[in-house]
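[1] Generate coordinates for the sequence data below:
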Amino acid sequence: MTSLNFSLPGPMRDWIDAQIKSGRYGNVSEYIRDLIRRDQERVADERLEQLLLAGLDSGPSKAMSKQDWAKLRREVVARAKQLKSRSTT
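    Prediction:
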């Protein structure tokens, strides 16, 4: 793990210390990691919302046949394999 040093105004440091003192976090690192995770989730939620809205704006839906679902499953499996092979290289 790497370390990161940064400066904070006194009231922000006091806030972090209060969060740790309340027992919500064990130390400053836990607090900062939680903030980053929450921000990552917020960005992912925003992206999902954009995709859902794009889907709604893409036109009327159509019924899917068994063949359509089978094709979609094959495409998803193929993409997942591609992503997995990229992450292991």
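
[2] Give me the below-cutoff pLDDT ranges for the protein.
    Within the chain, the ranges that satisfy pLDDT under 70 run 89.

[3] Look at stretch 57-76 and report the distance between its end residues.
    The first residue of stretch 57-76 is 22 Å away from its last residue (CA to CA, to the nearest Å).

[4] quick check, distance from that stretch to the centre of its chain.
    Distance of stretch 57-76 from the chain centroid (CA atoms, centre = their mean, to the nearest Å) equals 26 Å.

[5] Could you do stretch 75-88 as well?
    19 Å.

[6] Going forward, the N-terminal residue is numbered 2.
    In the new count, where the first residue is 2, that last one comes out as stretch 76-89.

[7] all helices of the chain, in order?
    Secondary structure of the chain, counting by DSSP state H: helices at 11-22, 29-58, 67-88.

[8] Now mean neighbour count and distance to Ser4 too, for those, in JSON lines please.
    (Each C-beta comes from the backbone N, C-alpha and C, glycine too.) Formatted as JSON lines, the helices of the chain follow (neighbours: other CB atoms under 10 Å; distance: least, CB to CB, whole Å):
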{"stretch": "helix 11-22", "mean neighbour count": "11", "distance to Ser4": "16"}
{"stretch": "helix 29-58", "mean neighbour count": "11", "distance to Ser4": "9"}
{"stretch": "helix 67-88", "mean neighbour count": "10", "distance to Ser4": "26"}
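
[9] among the ones you listed, which is nearest Thr3?
    helix 29-58 (11.3 Å; CB to CB).

[10] Kindly provide the distance from the closest residue to Arg25 other than its chain neighbours to Tyr26.
    Leaving aside its sequence neighbours, Arg25 sits nearest to Tyr32 (CB to CB, 6 or more residues apart in numbering; 7.9 Å). According to CB to CB, to the nearest Å, Tyr32 stands 4 Å off from Tyr26.
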